[in-house]
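K.L.:
The following comprises the amino acid sequence and a computationally predicted model.
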Amino acid sequence: MTLHISPIHAFQDNYIWCLYSGKHGVVVDPGDAKPVLAFFKEHGLTLSDILLTHHHWDHTNGLPELVAAFSNVKVWGPHSDKIHGIDCVLGEGDMVSLPSIACDFSVIEVPGHTLDHIAYYGSAGLFCGDTLFSAGCGRLFEGSPAQMEHSLAKLRALPPATNVFCTHEYTLANLKFATTVEPLNTDLLEYQRWAIAQREQHKPTLPSTLAKELAVNPFLRCQQPPVMTAVNQHWNTQQAGEHSVFAGLRRWKDQF
């Protein structure tokens, strides 16, 4: 059976990703149960598994209602004392087997946005929560710039063809910053035109691909001379290392 992946809209800009095949479905980071329940009713689906990337409320608040609505749901998530109800606690290198949709994932620990953050990687793509966004990355609420840069380096090393499923529609806002950093990046400018057209039609800009992000996302391009030069000019510094450039870039974005 074919695996389908659809975004379920929640709150202002969240995407709860639903992977479904046949009559079974899996959701990633259900911050709100109501749109998930409506989607599953519309498509005649039974929820078999829930994948969580980190503890923030807009990724976890739908958990109790969904567990109550579907029997035998298995909840997968990170080591965290801030999430209640996880059945399978996951760490770096663990495997997630989802036989209901014939899909498997490996777990990547990606601290930075939060310390408990994990991502799920498999043939279906990369489900990266709030670590990597299209043309951006998550804010550092708990981790350090060095931790986030190391986490993004893990994701950067995945195959370029990987589909990237982020959990927020932040692309246009991120592109405003990215084009400030690299105003002469033609791939970036072309992507911005495309993203604007998508949003004007109320269509998602996601999923992205890792190849696209490597071409346009400044937080994955800290080793590229134009990004290094832009950061140094902005802060009037002479930083050369990726960690220092990333820290300056993240600080710049925070104030943008």
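P.N.:
That came through, no problem.
K.L.:
going forward, measure contacts between C-alpha atoms and count neighbours the same way
P.N.:
Will do.
K.L.:
Quick check: which ranges of this structure have low pLDDT?
P.N.:
Scanning the chain for pLDDT under 70 picks out nothing.
K.L.:
May I see the domains of it written out as residue ranges?
P.N.:
Here the domain parsing of the chain from automatic domain parsing is 4-165, 171-203+210-254.
K.L.:
Tell me how many other residues surround Thr180.
P.N.:
As a burial measure, Thr180 scores 11 neighbours (other C-alpha atoms under 10 Å).
K.L.:
Using the three-state scheme, assign it.
P.N.:
Put simply, Thr180 is helix when judged by DSSP: H, G, I helix; E, B strand; the rest coil.
K.L.:
how near is it to Arg156?
P.N.:
Remark: distance between Thr180 and Arg156 (C-alpha to C-alpha, to the nearest Å) = 22 Å.
K.L.:
Could you give the number of residues near Asp116?
P.N.:
21.
K.L.:
now Thr2, nearest residue through space, not along the chain?
P.N.:
Ser21 (5.9 Å; C-alpha to C-alpha, 6 or more residues apart in numbering).
K.L.:
any idea how far the one you found is from Met95?
P.N.:
Relative to Met95, Ser21 is positioned 20 Å away (C-alpha to C-alpha).
K.L.:
same deal with Ser6?
P.N.:
23 Å.
K.L.:
what do you get for Asn163?
P.N.:
From Asn163 over to Met95 the distance is 19 Å, taken as C-alpha to C-alpha.
K.L.:
So Gly25 lies in a helix, does it not?
P.N.:
No - using three-state DSSP, the secondary structure at Gly25 is strand, not a helix.
K.L.:
Give me the neighbour count for Met228.
P.N.:
24.
K.L.:
what about it, helix or strand, and which?
P.N.:
helix 225-235 (DSSP states H and E).
K.L.:
count of neighbours near Leu90?
P.N.:
Neighbour number of Leu90 under other C-alpha under 10 Å is 22.
K.L.:
Restricting to C-alpha, output the longest helix anywhere in the chain in CSV.
P.N.:
Ranked by residue count under DSSP state H, the longest helix found in the chain is helix 186-200. Output of helix 186-200 as CSV, limited to C-alpha atoms (Å, rounded to 0.1, in the frame of the first residue of the first chain):
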residue,chain,number,x,y,z
THR,A,186,20.2,33.2,-6.9
ASP,A,187,18.9,29.8,-5.6
LEU,A,188,17.6,31.7,-2.5
LEU,A,189,15.9,34.4,-4.5
GLU,A,190,14.3,31.9,-6.8
TYR,A,191,13.1,29.9,-3.8
GLN,A,192,11.7,33.1,-2.2
ARG,A,193,9.6,33.8,-5.4
TRP,A,194,8.3,30.3,-5.4
ALA,A,195,7.4,30.3,-1.6
ILE,A,196,5.6,33.7,-2.0
ALA,A,197,3.5,32.2,-4.8
GLN,A,198,2.7,29.1,-2.7
ARG,A,199,1.5,31.1,0.3
GLU,A,200,-0.5,33.4,-1.9
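K.L.:
Please name every helix or strand in contact with it.
P.N.:
Counting contacts by 3 or more C-alpha pairs under 8 Å, 6 or more residues apart in numbering; DSSP states H and E, helix 186-200 packs against helix 171-181, helix 210-216.
K.L.:
That one versus helix 171-181: what angle between them?
P.N.:
160 degrees (axes from the mean of the first three to the mean of the last three C-alpha atoms, to 10 degrees).
K.L.:
ok, residues contacting helix 186-200?
P.N.:
Helix 186-200 is contacted by residues 171-172, 175, 178-179, 182-183, 204-205, 215-216 when judged by C-alpha atoms under 8 Å, 6 or more residues apart in numbering.
K.L.:
Distance to Ser144 added to the residues you listed, as CSV?
P.N.:
As requested, those are exported to CSV (distance: C-alpha to C-alpha, whole Å):
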residue, distance to Ser144
Thr171, 23
Leu172, 25
Leu175, 23
Ala178, 21
Thr179, 25
Glu182, 24
Pro183, 28
Pro204, 30
Thr205, 28
Ala215, 25
Val216, 23
